[in-house]
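Undergrad: The sequence and its predicted three-dimensional model are supplied below.
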There are 2 protein chains.
Amino acid sequence: MKFDLVTKDPASKARAGVVTTDHGAIQTPIFMPVGTVGTVKGVHQRELKQEINPDIILGNTYHLYLRPQLDVLEQAGGLHKFMNWDRPILTDSGGYQVYSLSANRKIKEEGVKFKSHIDGSYHFFSPESVMEIQRTIGADIIMAFDECTPYPCDYRYAKRSMHMTHRWLDRCISHLDKLPYKYGYSQAFFPIVQGSTYTDLRKESAEYIANAGAVGNAIGGLSVGEPAEEMYAMTDVVCSILPEDKPRYLMGVGTPINILENIALGVDMFDCVMPTRNARNGMLFTANGTINIKNKKWEADFSPIDEMGITFVDTEYSKAYLRHLFAANEFLGKQIATIHNLGFYMWLVRQAREHIIAGDFYAWKEKMVKQMSQRL
Amino acid sequence: MKFDLVTKDPASKARAGVVTTDHGAIQTPIFMPVGTVGTVKGVHQRELKQEINPDIILGNTYHLYLRPQLDVLEQAGGLHKFMNWDRPILTDSGGYQVYSLSANRKIKEEGVKFKSHIDGSYHFFSPESVMEIQRTIGADIIMAFDECTPYPCDYRYAKRSMHMTHRWLDRCISHLDKLPYKYGYSQAFFPIVQGSTYTDLRKESAEYIANAGAVGNAIGGLSVGEPAEEMYAMTDVVCSILPEDKPRYLMGVGTPINILENIALGVDMFDCVMPTRNARNGMLFTANGTINIKNKKWEADFSPIDEMGITFVDTEYSKAYLRHLFAANEFLGKQIATIHNLGFYMWLVRQAREHIIAGDFYAWKEKMVKQMSQRL
């Protein structure tokens, strides 16, 4: 994997770049749609590629490990072939999902014992096993195994956890060295900065991670309930330490506004379930603010879902029709809203890139943040 | 509406024809995908048109009356505009849905009082109100209000019900005369033959319906649990009486085999929830038999869903992937299976038409019936 920094915004820390993988190039800043168990929920791969057009999508190690399981993925020749997606894929390490299991997992130095949310069976993830699992899934970018601390988090716990995440990183790296690529293409490895919302811990962690010399770096443990201002403060600290010539990936973030603000702080890559999950609940993101399409006010509004027409659904269907589909609990409603929201997220990061290259990102960002704060 | 009989099969009663409506032509025999409340469940209108390509779809009066309700449909300018579908639509009369409510409806000479399955509210359908409702929905073909008798059905009940359906037909026709078209295009009206599984009643009903002189005729009250042989016997009797120069629509039928057998008896139009509903349960229809994609046997079968490749899903996804989506309860599985099944149904009726025109329908039908009886 290779990262080329194309340009930097004069008025902020925003950057435009290109990440090159064996499955193609990723124009940054980028948003990665979440394809949990080998599907971006409710969207055909063809639609995803042609209509939404992301350069890269994300898969979840925890979910893929449980279903379809590794033997099937290995026989398929990896996740790309299994799901018929020929562009880059990134897999998380399962750390976040395991953290989300709260009562059903036990974290120790050796690794994490957890109970499957599907059948209650017990499993064990260690830095070593997660590297092996991600080799088998076969994503282009794979992530270190970390502990994602909750918010708020006691300082002592956050510090101890961060140090364990660092030790786990060393174990990931030394184990990966023994594991050849499985499918003939390379996999880039990104370590993850932790440290909760404590500036000194974030600095220490960012320095540790930067020293690992990986081809790209990630920021974890944010977007877990902390105020946006705390998130931005942590991103700012961490981005000032992480090397400029490597892509920076902020995990699990966020709203359209969060994304623009973090781009302004020097983040290059994002993923979040928000556009897809909120879509399934009838919430649409637009350049002029959010829409709750379930509201009765849209019942007889026959105007297009979004006049901007970023994807075909925006102009082929009316607000009244989409509201009807949600009222009647028809899955097509969720499909339409998902395509709309992902289309909008992709438009947003593409626009951000264009404005960074044009040199007017900051003013555009300020305007967009104001516009997108509205509720329609 | 106009019907042109193109050709008749020499070895059976199968026919190929063209029904012409203000929203375009329908090549018969045809299968009409069911779009219950203004959506063929899980399929974008664009996919429906481009990938499945039916000449006509069906909407359900009962469901559309309850949601989005008539005022919304009227403000939208009818169902075509509301759902963005510019090809022909047929609406049933609600008779079948009301019959399905069993405990929650009371049938009288005046009409049917029923309880909404959504909120328990009471409503009343009469032959007159159903004609008004279908004017507002705005389908190209609208259906008479009938009583669909169950199977088995007591002879006296079936006879009394049939006579009431005939009286209701007269009321439909005289009321329709007073109702102008609402949206500038014409609507054809089809009466419905009833009579349960009694040959004498079916004959009497077919004669009554034929005498109504409608532009097309339908056969109702079948596919309600009777053995296939009884269904075919009734279709045969009825088709021998219904005029040859009008299209014949067998309501609610059926399996791919049922469709071919009824085409051989002179039926031109079909609708059924089977390809869509069974798809959502993981059952696929193919030219070589049915597949239960949930079976463990497909877990590591990376061959295409269907080598025939009628629609894009058949070759873009593997059986193992589709099985995984069902195992993980991912909606994309239902979407893929729905497109596959509808694509197959459309292929089947198109092939039937080609073979009727080529003059070798009967032999092809016999071969297909044998092939499609298998379980893969």
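TA: Received it, and whenever you're ready, just let me know what you need. Residues are numbered from 1 along each chain as shown, chains lettered A, B, ... in the order given.

Undergrad: To what extent is the residue of the stretch 101-250 of chain A found nearest chain B buried, counted in neighbours?
TA: Residue nearest to chain B within the stretch 101-250 of chain A: A:Ile118 (8.7 Å; CB to the nearest CB). (C-beta placed from N, C-alpha, C; glycine too.) Neighbourhood size, A:Ile118 [other CB atoms under 10 Å in any protein chain shown]: 12.

Undergrad: Ok, A:Glu299 next?
TA: Using other CB under 10 Å, A:Glu299 has 16 other residues around it.

Undergrad: go on, A:Gly221?
TA: Around A:Gly221 there are 32 other residues, counting by other CB under 10 Å.

Undergrad: Check for me that it belongs to a helix.
TA: No: applying DSSP: H, G, I helix; E, B strand; the rest coil, one finds A:Gly221 to be coil, outside a helix.

Undergrad: So which bits of chain A are right by chain B?
TA: Within chain A, the positions lying close to chain B (CB under 8 Å from any CB of the partner chain) are A:37-39, A:41-46, A:63, A:67-68, A:71-72, A:75-76, A:81-84, A:299-300, A:302, A:312-313, A:316-318, A:320-321, A:324-325, A:327-328, A:330-332, A:334-336.

Undergrad: And those, which of them are buried?
TA: For the residues of chain A next to chain B, a burial check counting by 16 or more other CB atoms under 10 Å in any protein chain shown picks out A:37-39, A:41-45, A:63, A:67-68, A:72, A:75-76, A:81-84, A:299-300, A:312-313, A:316-318, A:320-321, A:324-325, A:327-328, A:330-332, A:334-336.

Undergrad: Next, the contact list for A:Arg280, please.
TA: A:Lys41, A:Gly42, A:Lys334, A:Ala337, A:Thr338 (CB atoms under 8 Å, 6 or more residues apart in numbering or on different chains).

Undergrad: hmm, 7 Å instead?
TA: With contact set as CB atoms under 7 Å, 6 or more residues apart in numbering or on different chains, A:Arg280 has these partners: A:Lys334, A:Ala337, A:Thr338.

Undergrad: what's the answer for A:Met269, then?
TA: Under the criterion of CB under 7 Å, 6+ apart, the neighbours of A:Met269 are A:Thr28, A:Ile30, A:Met32, A:Pro247, A:Arg248, A:Tyr249.

Undergrad: how far away is it from chain B?
TA: Distance check for A:Met269 against chain B: by CB to the nearest CB, to the nearest Å, it reads 25 Å.

Undergrad: what are the phi and psi angles of that residue?
TA: Reported as degrees, to the nearest 10, the phi and psi values for A:Met269 are phi -130, psi 140.

Undergrad: In terms of pLDDT, where does it sit?
TA: Note on A:Met269: pLDDT of 98.

Undergrad: Who's the closest spatial neighbour of it, skipping the chain neighbours?
TA: Of all residues not flanking A:Met269 in the chain, A:Tyr249 sits nearest, at 3.8 Å (CB to CB, 6 or more residues apart in numbering or on different chains).

Undergrad: correct me, but the one you found touches A:Ala218?
TA: Yes: with contacts counted by CB atoms under 7 Å, A:Tyr249 reaches A:Ala218, the gap being 4.2 Å.

Undergrad: quick one: A:Val34 and A:Gly252, what's the gap?
TA: 9 Å (CB to CB, to the nearest Å).

Undergrad: ok so, going back, got the contacts of A:Arg280 as a markdown table, with secondary structure and pLDDT columns?
TA: Output for these, formatted as a markdown table (DSSP: H, G, I helix; E, B strand; the rest coil; pLDDT from 0 to 100):
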| residue | secondary structure | pLDDT |
| --- | --- | --- |
| A:Lys334 | helix | 98 |
| A:Ala337 | helix | 98 |
| A:Thr338 | helix | 98 |
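
Undergrad: Out of these, the closest to A:Gly17 would be?
TA: Set against A:Gly17, the nearest of these by CB to CB is A:Thr338 (27.7 Å).

Undergrad: Could you name every residue contacting both of A:Tyr249 and A:Ala218?
TA: By CB under 7 Å, 6+ apart, A:Tyr249 and A:Ala218 have these common neighbours: A:Phe190.

Undergrad: follow-up on the earlier one: quick check: neighbours shared by A:Val34 and A:Gly252?
TA: With CB under 7 Å, 6+ apart, A:Val34 and A:Gly252 have common neighbours A:Asp271.

Undergrad: okay, how far is it across stretch A:82-95, tip to tip?
TA: End-to-end distance for stretch A:82-95: 23 Å, by CA to CA, to the nearest Å.

Undergrad: Following the chain onward from the least confident helix or strand in chain A by mean pLDDT, which element is next?
TA: When the helices and strands of chain A are scored by mean pLDDT, DSSP states H and E, helix A:95-100 comes last with a mean of 84. Next in sequence after helix A:95-100, counting helices and strands by DSSP states H and E, comes strand A:105-107.

Undergrad: ok, and for that following strand, which residues are buried?
TA: For strand A:105-107, by 16+ other CB under 10 Å, it's A:Arg105, A:Ile107.

Undergrad: Now it: average pLDDT?
TA: On average, strand A:105-107 scores 93.

Undergrad: Residues contacting the least confident helix or strand of chain A, please?
TA: By CB under 7 Å, 6+ apart, the residues outside helix A:95-100 that reach it are A:Asn60, A:Tyr62, A:Arg105, A:Val112, A:Phe114, A:Phe125, A:Phe145, A:Asp146, A:Glu147, A:Cys148, A:Gly252.

Undergrad: Over to stretch A:10-21?
TA: So stretch A:10-21 is contacted by A:1-8, A:25-28, A:88, A:140, A:188, A:239, A:247, A:263-266, A:268, A:353, A:356-357, A:359, A:361-362 (CB under 7 Å, 6+ apart).

Undergrad: can you do 6 Å?
TA: A:1-8, A:25-28, A:88, A:140, A:247, A:263-266, A:353, A:356-357, A:359, A:361-362 (CB atoms under 6 Å, 6 or more residues apart in numbering or on different chains).

Undergrad: mind checking the end-to-end distance for it?
TA: 28 Å.

Undergrad: List the contacts of the nearest residue to A:Thr61 once chain neighbours are set aside.
TA: In space, and not counting its chain neighbours, A:Thr61 is closest to A:Gly94: 4.1 Å by CB to CB, 6+ apart. A:Gly94 makes contacts with A:Thr61, A:Tyr62, A:Phe125, A:Val130, as judged by CB under 6 Å, 6+ apart.

Undergrad: What lies in contact with whichever strand or helix holds the second one?
TA: A:Tyr62 is part of helix A:61-66, with elements assigned from DSSP H and E. Counting by CB under 6 Å, 6+ apart, the neighbours of helix A:61-66 from elsewhere in the structure are A:Thr36, A:Val37, A:Thr91, A:Asp92, A:Ser93, A:Gly94, A:Gln97, A:Ser116, A:Ile118, A:Ile133, A:Ile137.

Undergrad: Now for the nearest residue to the fourth one once chain neighbours are set aside: which residues touch it?
TA: Beyond its immediate neighbours in the sequence, the residue positioned closest to A:Asp92 (CB to CB, 6+ apart) is A:Met143, lying 5.2 Å away. Residues in contact with A:Met143 (CB under 6 Å, 6+ apart) are A:Asp92, A:Ser93, A:Phe190.

Undergrad: Against chain B, how distant is A:Ala363?
TA: For A:Ala363, the distance to chain B - CB to the nearest CB - is 37 Å.

Undergrad: quick one on the thing from earlier: output the contacts of helix A:61-66 as a markdown table; include the columns distance to A:Glu226 and secondary structure.
TA: Output for the contacts of helix A:61-66, formatted as a markdown table (distance: CB to CB, whole Å; DSSP: H, G, I helix; E, B strand; the rest coil):
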| residue | distance to A:Glu226 | secondary structure |
| --- | --- | --- |
| A:Thr36 | 24 | coil |
| A:Val37 | 28 | coil |
| A:Thr91 | 25 | strand |
| A:Asp92 | 19 | coil |
| A:Ser93 | 21 | coil |
| A:Gly94 | 22 | coil |
| A:Gln97 | 19 | helix |
| A:Ser116 | 29 | coil |
| A:Ile118 | 30 | coil |
| A:Ile133 | 29 | helix |
| A:Ile137 | 30 | helix |
